[in-house]
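> 3D model of this:
(2 chains)
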There are 2 protein chains.
Amino acid sequence: MAKSNVTFQDIAQYTGFSKTTISRYFNHPDTVTPQNQAIIREALEKLGYQSNKVARILAKGQTEFIGLIIPNLYLSFYAEILDEFLKSYEKYGYKFLVFSGGQGEEAERQYIQELLAYHVEGLIVLSHTIPSLELASYDLPLVTIEREDQYVSSINTDNYQGGVEATELLHRCGCDVYLHINIPVLGKKTPAFRRIDGFRDVCRKYDLPHEFLSYKGESSYQDLAEKLHVITDDIARKYPGKRKGIFCSNDTIANIVSNHLLRNHSRDLEDYRLIGFDGSPVSEQAVYPISTIAQQIDQLVDGAMELIVDQIRIRKKDPSALLEPVHRTVAPVLISRATTEEV
Amino acid sequence: MAKSNVTFQDIAQYTGFSKTTISRYFNHPDTVTPQNQAIIREALEKLGYQSNKVARILAKGQTEFIGLIIPNLYLSFYAEILDEFLKSYEKYGYKFLVFSGGQGEEAERQYIQELLAYHVEGLIVLSHTIPSLELASYDLPLVTIEREDQYVSSINTDNYQGGVEATELLHRCGCDVYLHINIPVLGKKTPAFRRIDGFRDVCRKYDLPHEFLSYKGESSYQDLAEKLHVITDDIARKYPGKRKGIFCSNDTIANIVSNHLLRNHSRDLEDYRLIGFDGSPVSEQAVYPISTIAQQIDQLVDGAMELIVDQIRIRKKDPSALLEPVHRTVAPVLISRATTEEV
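Numbering: from 1, shown residues only, chains lettered A, B, ... in the order given. Predicted coordinates for the structure are as follows:
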């Protein structure tokens, strides 16, 4: 039986040529004598070597490329998502053309246009830059994760459930006041904002004193830290002697708050209960490991690949088939650690 | 003057068609009437729209793709390097096909073979999997960063200088004993092992008591942490009452050691001086910010892009030109923080 993936090593072994010669055959065939070319060609056939990919694009219009647009690699959530997508190569064979946002809207549009011109087979979008209505107009297999998704297919964590579980845990810790730190809600339909609804609903259910605290978008980690130090000091001043339950919209925020408390409010540490969101390494690596609502990144990525492979299959059968938006959710997982000691 | 990058929005505005129509023109031209196709074609010419990229690959053999092979996204050094490469899109226009190691040697070879078959214009390799002799045999523009590089071009931090500066700083802190934690040296010519030489040379210069401590490769963060906890406890037991200067081979290690000291040896904290390597966010985000030897990631990436663009240019002029290995280094930057208080 032919090996599914013949390596240069295999071809070199079979023909007795060096790997350099095999490489030259593929990249600069004119530097290999016609006789040797014939020997290698025959070996390729015998070994069942995959045909030239560029020829395959031309013949079938299949690039086996998927464009992947992420907002940044600064939040470890995105680094982990990207890592998981790249690992799917072995299972699905798709190669990822990766674009990182933060280069502005025009650069992102230009990049997507280039991807379209290269006939990528699909797009996976995590950046918040381009409205889903415009994404839908590209009319190709497309899945979003954790961003506004009205007109396109998506897979997201059940953020409402996550907000509920985080707040219920703080409630079991017997807190006197409940605080949620997040970026300001700007009327955008970002799935993550459902965490706020979960927080509010639990607070109302038990009639708990609560407050929503927001900061404006940050320009750097240092800037984010400074904004959160102010918020943390304000909380300490406003609620002295009360047990404060703080639910942060991600683990990076929770870690900054935790470090600031350890450095500047260490005498009152027992007055605080803290939980983050995402299940990022930073929550595990903190001096006192931080409780978190973990997103199941493997399931998000698996689900996204299933959705897009499905759309690609549909389009291969019928290039003008409509791609109806499908929305899936993945359950979050509560991880209780040192910062949410129950009483 | 024509805009350098015409968007679908521009074309829609110019023609009065919707963006969906413009998108369909590019992706499913048969769904646009011949009259409207003619109007759009004329608009594209007027606006100076870039010609179809696939046509361009065919005409010139230029894909504008570079393959990028990283070992993982788990160490933030690699996430930061990747982010910086992706940001170079605006400057150089290259798009990156990214592969993350940890899927084994065969998967990595197969991926590279696919990239070669797609005629990527070059490869940037940070993984340690494939020897540079084999990389050189691919015979295409190629640059490595921080890995064995004997037969290929590379750009690395001046690791020896970094080791010297870290140890000199610990010496200024008046430590009694000097410890360096790193993975075992396996006879590989990894540039990072030059840090050990820098450490040893400074210790010998001042005749300082010193020890090299190593752990075997880790299977996960938790596994790494457990191994380092054992090493940290051993150091505490072996050198009671002495001022211990610990130089860690990266910031993730330094953070684990720092957290373990804070949790389990907090009474003796003043006996420790600690410095990491890389300048990763984790060093800044620790409860007590950790001193580090920062790698200048922007300069490493800029240098790598310059080297590869140069090789691509040479090969375009003469496809059989030899690509001589060029090795460049970037100076490290000492960042002194709370963990290396001088006396």
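
> Which stretches in the stretch 151-300 of chain A count as strands?
A:153-157, A:177-182, A:210-214, A:244-248, A:272-278, A:291-294 (DSSP state E, counting those that start in this stretch).

> For chain B, which of the ones you listed is the nearest?
Evaluated with C-beta to the nearest C-beta, the strands of the stretch 151-300 of chain A place strand A:272-278 nearest to chain B, the distance being 13.4 Å. For the C-beta atoms, the positions are set from N, CA and C on the backbone; glycine is no exception.

> Can the closest one be said to contact chain B?
No. Counting by C-beta under 8 Å from any C-beta of the partner chain, chain B has no neighbours in strand A:272-278; the shortest distance is 13.4 Å.

> neighbours of whichever residue of the stretch 101-250 of chain A sits closest to chain B, just the number please.
In the stretch 101-250 of chain A, the residue found nearest to chain B is A:A117; the distance is 4.0 Å by C-beta to the nearest C-beta. A count of nearby residues for A:A117, using other C-beta atoms under 10 Å in any protein chain shown, gives 17.

> What sits closest to A:S249 if chain neighbours are left out?
Nearest non-adjacent residue to A:S249, counting by C-beta to C-beta, 6 or more residues apart in numbering or on different chains: A:N182, 4.0 Å away.

> Tell me the bridge partners for the one you found.
Under DSSP bridges, the beta-bridge partners of A:N182 are A:S214.

> how about the strands of the stretch 151-300 of chain A in CSV, adding mean pLDDT and mean neighbour count?
As requested, these are exported to CSV (pLDDT from 0 to 100; neighbours: other C-beta atoms under 10 Å in any protein chain shown):
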stretch, mean pLDDT, mean neighbour count
strand A:153-157, 98, 24
strand A:177-182, 96, 22
strand A:210-214, 95, 15
strand A:244-248, 98, 27
strand A:272-278, 97, 26
strand A:291-294, 98, 25
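
> For B:G276, find the nearest of those.
Closest approach to B:G276 among the strands of the stretch 151-300 of chain A is made by strand A:272-278 (23.9 Å; C-beta to C-beta).

> For that closest one, which strands pair with it and how are they oriented?
As assigned by DSSP bridges, strand A:272-278 forms pairs with strand A:244-248 (parallel), strand A:291-294 (parallel).

> pLDDT wise, what is the residue of the stretch 101-250 of chain A closest to chain B at?
In this model, A:A117 is scored at 79, pLDDT.

> Quick check: it touching B:F26?
Yes. Assessed by C-beta atoms under 8 Å, A:A117 is found in contact with B:F26 at 7.4 Å.

> thinking again about what came up before, just put the strands of the stretch 151-300 of chain A in a markdown table and tack on distance to B:G245.
What follows is the strands of the stretch 151-300 of chain A, written out as a markdown table (distance: least, C-beta to C-beta, whole Å):
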| stretch | distance to B:G245 |
| --- | --- |
| strand A:153-157 | 44 |
| strand A:177-182 | 38 |
| strand A:210-214 | 42 |
| strand A:244-248 | 36 |
| strand A:272-278 | 34 |
| strand A:291-294 | 35 |
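
> Of all those strands, which one is nearest B:A286?
Here strand A:272-278 is closest among those (C-beta to C-beta), at 16.7 Å.

> thinking again about what came up before, surely the residue nearest to A:S249 meets A:E211?
No. Counting by C-beta under 8 Å, A:N182 stays clear of A:E211, with 11.5 Å between them.

> Please read off the pLDDT at the residue most central in space within chain A from the model.
Closest residue to the average C-alpha location of chain A: A:I81 at 3.6 Å, with C-alpha atoms, centre = their mean. On the pLDDT scale, A:I81 is placed at 94.

> Setting aside sequence neighbours, what's the nearest residue to it?
That would be A:I297: by C-beta to C-beta, 6+ apart, it lies 5.8 Å from A:I81.

> repeat for A:P191
Leaving out its chain neighbours, the residue that sits closest to A:P191 by C-beta to C-beta, 6+ apart is A:N156, at 4.3 Å.

> so who does that neighbour touch?
A:I145, A:E146, A:D149, A:P191, A:L300, A:H327, A:R328, A:T329, A:V330 (C-beta atoms under 8 Å, 6 or more residues apart in numbering or on different chains).

> tally of neighbours for A:Y239?
Neighbours of A:Y239 (other C-beta under 10 Å): 17.

> quick one, phi/psi of it?
Backbone geometry at A:Y239, expressed as degrees, to the nearest 10, gives phi -130, psi 60.

> Please apply the same query to A:V330.
For A:V330, the backbone dihedrals (degrees, to the nearest 10) come out as phi -120, psi 130.

> Could you give me the buried positions within stretch A:69-87?
A:69-87 (16 or more other C-beta atoms under 10 Å in any protein chain shown).

> Show the residue spans covered by the helices in the stretch 1-150 of chain A.
Here the stretch 1-150 of chain A has its helices, by DSSP state H, counting those that start in this stretch, at A:8-15, A:19-27, A:34-47, A:53-60, A:76-87, A:89-92, A:105-117, A:132-137.

> now the second one: mean pLDDT?
Along helix A:19-27, the predicted local confidence has a mean pLDDT of 78.

> likewise the fourth one?
Average pLDDT, helix A:53-60: 48.

> and if you look at the last one?
In this model, helix A:132-137 carries a mean pLDDT of 94.

> what packs against that helix?
Other helices and strands packing on helix A:132-137, by 3 or more C-beta pairs under 8 Å, 6 or more residues apart in numbering or on different chains; DSSP states H and E, are strand A:142-145, helix B:19-27.

> mind putting these in a markdown table, distance to B:F8 and mean neighbour count included?
Output for the helices and strands packed on helix A:132-137, formatted as a markdown table (distance: least, C-beta to C-beta, whole Å; neighbours: other C-beta atoms under 10 Å in any protein chain shown):
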| stretch | distance to B:F8 | mean neighbour count |
| --- | --- | --- |
| strand A:142-145 | 15 | 26 |
| helix B:19-27 | 5 | 20 |
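
> Out of the ones you listed, which gets nearest to B:L224?
For the helices and strands packed on helix A:132-137, proximity to B:L224 was assessed by C-beta to C-beta; strand A:142-145 is nearest, at 28.5 Å.

> The closest one pairs with which strands, and in what direction?
Here, using DSSP bridges, strand A:142-145 pairs with strand A:122-125 (parallel), strand A:153-157 (parallel).
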